[in-house]
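[1] I'll drop the sequence and a predicted model, then ask my questions.
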Amino acid sequence: MAVSFTAVVARSSVQEVLLIPLKAPKMHMGAPAVFFFEEEISQSENFLQFALVSKCTQGRPPLFEVKRTLQADFHLAVDVLVSSLDSRHLLLLFMLQSDFIRLWLKEQTYIKGYPFRFFKWTREFKVGFEAFVVPIWVSFPNLPVNLYQGNFFKLVAGAVGKVLKVDGATTVVSRTIAARACVEIDLKSCLSEKVWIGYGASGFFQQVVYERLPAYCTGYSKLGYCVEQCRRRSTGIQKEGVQGVNLLQPGAGKLVEGVAETCDAPAVVDGV
């Protein structure tokens, strides 16, 4: 039986009360204003590090049904806090990273017949805009087998993105054709097809293969769409003579206002 979210928080020995200095209101553009420093904003986001936004555009069952189904279907170790952001979005707060990753890696699930999609919560979240930070499995073909173990491989995979999970076959070195890890990828960033690995007095470029990398449309801020499918940008792009391409495939560069920006400089791992 899953331990309740409230119980875990109550038993936690680290219950920090967020205290920041009180500030007198100011005026900005004719209206009362309050300003937060970047460090304060980052501090306020700590409890949301394992938060997902669930999108349910076709409706949803009651919150208790959503919660009960998630606990049963995904075998959550600890209870999840489910709250409503609006009629089409739910906020899911997890206490354990393992529970958070297990659900985030699931592209879509059905609860009582309703489709649910999951996105990582970020400060940029707004209703109607899908997150551009996604979990992606990446492979490193022909990586030296001695780099499969522990933090050696996490350092290699970490050059691509934050490591969320290492493939079991890589951990036990039972499949050495390619090492695999699931990493956190920003689809708007420049995705490199290789990383540099410093190897003693020398080094080498290691190939990176992105598995099932989705397209992202900046016109509608939707996953699964690329420029040629975006009606909002297609007119402007055709007028400028720029042909639509699947911009967010591996090595294609990053998407800037519907135009591909090539990533010429490879990622480099310092100090490995």
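    Yep, it's here. Numbers count the residues shown, from 1 in each chain.
[2] Going by neighbour count, which residues of the longest helix anywhere in the chain are buried?
    Using DSSP state H to define each element, the chain has its longest helix at helix 63-74. Neighbour-count burial for helix 63-74 flags V66, K67, T69, L70, Q71 (criterion: 16 or more other CB atoms under 10 Å). In this view, the C-beta of every residue, glycine as well, is placed from N, C-alpha and C.
[3] What's the first helix or strand after it?
    strand 81-86 (DSSP states H and E).
[4] Any idea how far the helix or strand that contains Q206 is from the middle of the chain?
    For Q206, the host element (DSSP H and E) is strand 202-207. Put simply, strand 202-207 sits 27 Å off its chain's centre (CA atoms, centre = their mean, to the nearest Å).
[5] Not counting that strand itself, show me its contacts.
    The set of residues external to strand 202-207 that reach it, using CB atoms under 8 Å, 6 or more residues apart in numbering, is F140, P141, N142, L143, V156, E193, K194, V195, W196, I197, P266.
[6] what about 10 Å?
    With CB atoms under 10 Å, 6 or more residues apart in numbering as the test, strand 202-207 has contacts from 139-144, 147, 156, 159-160, 178-179, 192-199, 266-269, 272.
[7] and the next element down the chain from that strand?
    Downstream of strand 202-207, the next assigned helix or strand under DSSP H and E is strand 209-211.
[8] Please name every helix or strand in contact with that next one.
    strand 133-141, strand 178-186 (3 or more CB pairs under 10 Å, 6 or more residues apart in numbering; DSSP states H and E).
[9] could you dump those strands to a markdown table with mean neighbour count?
    Shown next, in a markdown table, are the helices and strands packed on strand 209-211 (neighbours: other CB atoms under 10 Å):
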| stretch | mean neighbour count |
| --- | --- |
| strand 133-141 | 19 |
| strand 178-186 | 21 |
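[10] closest to D79 out of those strands?
    Closest approach to D79 among those is made by strand 133-141 (22.4 Å; CB to CB).
[11] Run the angle between the closest one and strand 178-186 for me.
    160 degrees (axes from the mean of the first three to the mean of the last three CA atoms, to 10 degrees).
[12] what comes up buried for the helix or strand following strand 133-141?
    Helices and strands here follow DSSP H and E; after strand 133-141, the next one along the chain is helix 150-158. Within helix 150-158, the residues that count as buried by 16+ other CB under 10 Å are F153, V156, A157, G158.
[13] Same check on stretch 44-59?
    F50, A51, L52, V53, S54, K55, C56.
[14] quick one: average pLDDT of it?
    The average pLDDT within stretch 44-59 is 90.
[15] again, but for stretch 165-176
    93.
[16] Great, nothing more from me.
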